[in-house]
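> using only what follows, build the 3D model:
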Amino acid sequence: MEIYGTTTAEVWLQACEHVATKPRWEEHTLILHVASPVRMRARDRAVAEKLDTFLREHDALPNHTVAETIFPAYEYMHRGPEGVFTAYPEVLYPKLKKHPRRGWGRYAERLLRRKRADGTTWSPLEKTIEKLQSFRSRNTFDIAVAGGAADLDDEDEGVTIALYDDNLDGMKPRQLPCLSHLSFHVLPGDRLHLTALYRSHYYVQRLYGNLLGLARLQDFVAQQAGKMTGELVCHSTYAKLETCAEEARWKKADVQRLLQDARRVFEEASANVGGVHQEAR
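This is a model prediction of the structure:
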């Protein structure tokens, strides 16, 4: 199943509504297409605020916090690229990883710092940007978040980087990386597309924040590489609207009300925009 939409909020809402029609509120092989991932309209903001309110009321992490686990937008906003490549991995992350709820979502750190066999460190994301700067179009650059080796092949036009760490993940029965793969693809017109693969995906408490973080990461890489931000594709091999006690702090009826409220504010904001346009004519 594939879902198409203009923005992250629109696609999040459509995807959740689709999964809600499935038995057990589960879906396999769901591919989401976001045409303008960094665009934020009034209707999108209304949906995002409705979801954020729901998450906070149920003691879950807000969208921005989830997004920051993928890309440190706060550091970028206040310190520029130096904040991303240096301040976050060297100053901020060592403090964040001590937090009791930081046992998951270490994607930004894995994208920004890896150790070679000789003990030296390097930045997979920075190397990816360097490669993107070297080629104009029709080249794919991959970052694998689980599995494979942490080697970089400079003989290839692309780059595959594994962020799975045996020392951290090898013996864990749970809390393994859900985000498995990132693929950057430059299309004609210098538009940078990003495809993300998730092996398992919670759609209430993670999907919107994940899409937000991926969009920020994509936009950052595009800017640094001198490209235009293109489509964001998110492939969930397993998607779930979580409601059971082990996965969430809410019940099925709570999620149903959330989706109904989100659809209502989305439609109301869309109608208001339409009315303004009609008056302008």
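> quick one: residues contacting C16.
The contact partners of C16, by Cβ atoms under 8 Å, 6 or more residues apart in numbering, come to Y203, V204, L207, L241, V255, L259, A262. Placement of C-beta: from N, CA and C, glycine included.
> so it lies in a strand, does it not?
No. Using DSSP: H, G, I helix; E, B strand; the rest coil, the secondary structure at C16 is helix, not a strand.
> heads up, I number from 44, so please use that
Got it, first residue is 44 now, which makes that one C59.
> before we move on, back to that, mind putting the contacts of C59 into TSV with neighbour count and pLDDT?
Shown next, in TSV, are those (neighbours: other Cβ atoms under 10 Å; pLDDT from 0 to 100):
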residue	neighbour count	pLDDT
Y246	23	97
V247	26	97
L250	27	98
L284	27	96
V298	21	96
L302	20	98
A305	23	98
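> go through those and name the one nearest R84.
If you rank those by distance to R84 using Cβ to Cβ, A305 comes first, at 14.2 Å.
> whichever helix or strand that closest one is part of - contacts with which helices or strands?
Per DSSP states H and E, A305 falls inside helix 295-323. Applying 3 or more Cβ pairs under 8 Å, 6 or more residues apart in numbering; DSSP states H and E, one finds that helix 295-323 contacts helix 51-62, helix 85-100.
> got the angle for that helix vs helix 51-62?
130 degrees (axes from the mean of the first three to the mean of the last three Cα atoms, to 10 degrees).
> tell me the pLDDT of L154.
On the pLDDT scale, L154 is placed at 88.
> just the element for it, please.
Applying DSSP H and E, one finds L154 within helix 150-155.
> helix or strand right after that helix?
Downstream of helix 150-155 (by DSSP H and E), the next one is strand 157-158.
> what distance separates the helix or strand that that following strand is followed by from the centre of its chain?
Downstream of strand 157-158, the first helix or strand assigned by DSSP H and E is strand 164-165. Relative to the centre of its chain, strand 164-165 is centred 23 Å away, using Cα atoms, centre = their mean, to the nearest Å.
> so which elements touch the helix or strand just after strand 164-165?
Downstream of strand 164-165, the next assigned helix or strand under DSSP H and E is helix 167-177. For helix 167-177, the packing partners by 3+ Cβ pairs under 8 Å, 6+ apart come out as helix 150-155, strand 182-187, strand 203-205, strand 222-230, helix 250-268.
> make it 7 Å
helix 150-155, strand 182-187, strand 222-230, helix 250-268 (3 or more Cβ pairs under 7 Å, 6 or more residues apart in numbering; DSSP states H and E).
> among these, which gets the worst mean confidence?
strand 182-187 (a mean of 66).
> shaky segments in this protein?
140-148, 178-184, 186-219, 289, 316-324 (pLDDT under 70).
> rerun at 50
190-204, 206, 216, 318-324 (pLDDT under 50).
> need the winner for burial among the helices and strands packed on helix 295-323.
Of all the helices and strands packed on helix 295-323, helix 51-62 carries the top mean neighbour count, a mean of 23, counting by mean count of other Cβ atoms under 10 Å.
> could you dump that helix to CSV, C-alpha only?
Only the C-alpha atoms of helix 51-62 are listed here, as CSV (Å, rounded to 0.1, in the frame of the first residue of the first chain):
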residue,chain,number,x,y,z
THR,A,51,4.3,15.4,6.8
ALA,A,52,1.2,16.2,8.8
GLU,A,53,-1.1,15.3,5.9
VAL,A,54,0.7,12.0,5.3
TRP,A,55,0.8,11.1,9.0
LEU,A,56,-3.0,11.6,9.2
GLN,A,57,-3.7,9.6,6.1
ALA,A,58,-1.4,6.8,7.2
CYS,A,59,-2.9,6.5,10.7
GLU,A,60,-6.4,6.5,9.2
HIS,A,61,-5.5,3.8,6.8
VAL,A,62,-3.9,1.5,9.5
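> that helix versus helix 85-100: what angle between them?
Using the same axes, to 10 degrees, helix 51-62 lies at 70 degrees relative to helix 85-100.
> after helix 51-62, next one along is what?
Defined by DSSP H and E, the subsequent element after helix 51-62 is strand 69-77.
> picking up where we left off before, among the helices and strands packed on helix 295-323, which comes closest to I113?
So among the helices and strands packed on helix 295-323, helix 51-62 is nearest, using Cβ to Cβ, at 12.5 Å.
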